[in-house]
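Asks: Predicted model follows, preceded by the sequence.
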Amino acid sequence: MKGSKGLPRNPGRRGVDDDRATGGDVESLDYDEDNDMPDLIMDIEDDVSDERDYEEVESQRAALREKRFQTIFVALAIAGVIACVGLLCLVAYFAMKYVGASENLHIARDRVQNATESLHKLQEQTQLKDQQDCTRFQNTTEHWLHLFCEKYECPSSICDPGWLQYSRSCFLLTDTRLSWEQSKELCSSQQGHLAIVNNDQVQNFLFEQAKEASYWIGMTDSVTEGIWMWVDGTKVMDGKTFWGPGQPDNAFSRTYRMRENCGLMRLRRWYDEACGAKFPAICEKNAIRLHLIFQRMMQSR
């Protein structure tokens, strides 16, 4: 302690020691109360001041630690509040999404239910109409014809006598040798037209029926040379033709004194021929469909 600087611990002892050290020649020092007392007081005051300084430093350190703890606590509290606010926002967002999805689901379910009800009503109306039609249909001519066809397996379409059915068409190979124009008029009188051969299946079918004979078919380039057209106004496509070697050659016929502008089927090939030449023809018309007959009969009632 600082107080020990100005006050000897044992003044009398010190004088004896000093006398012994000097061999007793030095005079003994006596304690002077007037001179040493101020130093003692100053030392005590210094000690008290030092104690106060130490307490102040410790107090400042404690206040600093407390302030630091408060700052950390406040920061944690703010972070917690922010986290809670964010969590509440997320909960509110997902709640709104859920409510919207739930509403859309209810709307979709209502629409499906309405569509289902409409379908059921339509089915009921159709069933009722079928029952009414069936009631009107019973004991009528078409009813007995329908029963007959069910028992004997009538075809879905039929052709007139002498005509050959293929797919949805009927074909007639005529015996009369006529010009191309006359053959065209003959087919028209039979509610048909000269045959239109626009696919491999029909071509092969007619080849099998024609054998080695020659027949007029429904194509010509008499309107525009080199542009072959079917009698229904459609163009003869290049990818679906069966021309013979070197055909069409548009040769001049001295017999008929005209160019070869009409189509002829011969030996499984096509040839251009003078339209005035005399050949039989192949006529074509739509097959008669039984269900159309039933429909027309029902409409006429």
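Replies: Structure's in. What do you need? Residues are numbered from 1 along each chain as shown.
Asks: can we go C-alpha only for contacts and neighbour counts from here?
Replies: Fine.
Asks: Would you list the phi and psi of residue 210?
Replies: In terms of degrees, to the nearest 10, the main-chain angles of residue 210 are phi -80, psi -30.
Asks: burial measure for it, as a count.
Replies: Other residues lying near residue 210 total 17 when counted by other C-alpha atoms under 10 Å.
Asks: give the contact list for it.
Replies: Neighbour list for residue 210: residue 173 [criterion: C-alpha atoms under 8 Å, 6 or more residues apart in numbering].
Asks: Residue 160 versus that one, what's the distance?
Replies: If you measure residue 210 against residue 160 using C-alpha to C-alpha, to the nearest Å, the figure is 19 Å.
Asks: dump the residue contacts of residue 240.
Replies: In this structure, residue 240 makes contact with 198-200, judged by C-alpha under 8 Å, 6+ apart.
Asks: Of the residues you listed - the most surrounded one?
Replies: Using other C-alpha under 10 Å as the neighbour criterion, residue 198 leads those with 16 neighbours.
Asks: For my notes, confirm it occurs in a strand.
Replies: No - looking at residue 198 with DSSP: H, G, I helix; E, B strand; the rest coil, it is coil, so not inside a strand.
Asks: Next, find the distance separating it from residue 187.
Replies: Summarising the geometry, the distance separating residue 198 from residue 187, computed by C-alpha to C-alpha, is 18 Å.
Asks: Quick check: residue 174 touching residue 282?
Replies: Yes - at 6.3 Å, residue 174 and residue 282 qualify as touching, with contact defined as C-alpha atoms under 8 Å.
Asks: what's the span of stretch 273-286 from first residue to last?
Replies: Using C-alpha to C-alpha, the end-to-end distance of stretch 273-286 comes out at 27 Å.
Asks: quick one: buried residues of it?
Replies: Under the neighbour-count criterion of 16 or more other C-alpha atoms under 10 Å, stretch 273-286 has 273-286 buried.
Asks: Need the contact partners of it.
Replies: 168-181, 183, 187, 191-196, 214-217, 250, 252-253, 256, 258-264.
Asks: per-residue confidence averaged over the longest helix along the chain?
Replies: What stands out as the longest helix in the chain, according to DSSP state H, is helix 33-137. Throughout helix 33-137, pLDDT has a mean value of 77.
Asks: could you say what helices and strands that helix packs with?
Replies: In this structure, helix 33-137 makes packing contacts with no helix or strand, judged by 3 or more C-alpha pairs under 8 Å, 6 or more residues apart in numbering; DSSP states H and E.
Asks: Counting only helices, which of the contacts of stretch 273-286 make the cut?
Replies: Of the contacts of stretch 273-286, the ones assigned to helices by DSSP H are 180-181, 183, 187.
Asks: And the residues you listed, which is closest to residue 102?
Replies: residue 187 (69.7 Å; C-alpha to C-alpha).
Asks: which residue packs closest to that closest one, ignoring adjacent ones?
Replies: Nearest in space to residue 187, with sequence neighbours left out and distances taken as C-alpha to C-alpha, 6 or more residues apart in numbering, is residue 193 at 4.8 Å.
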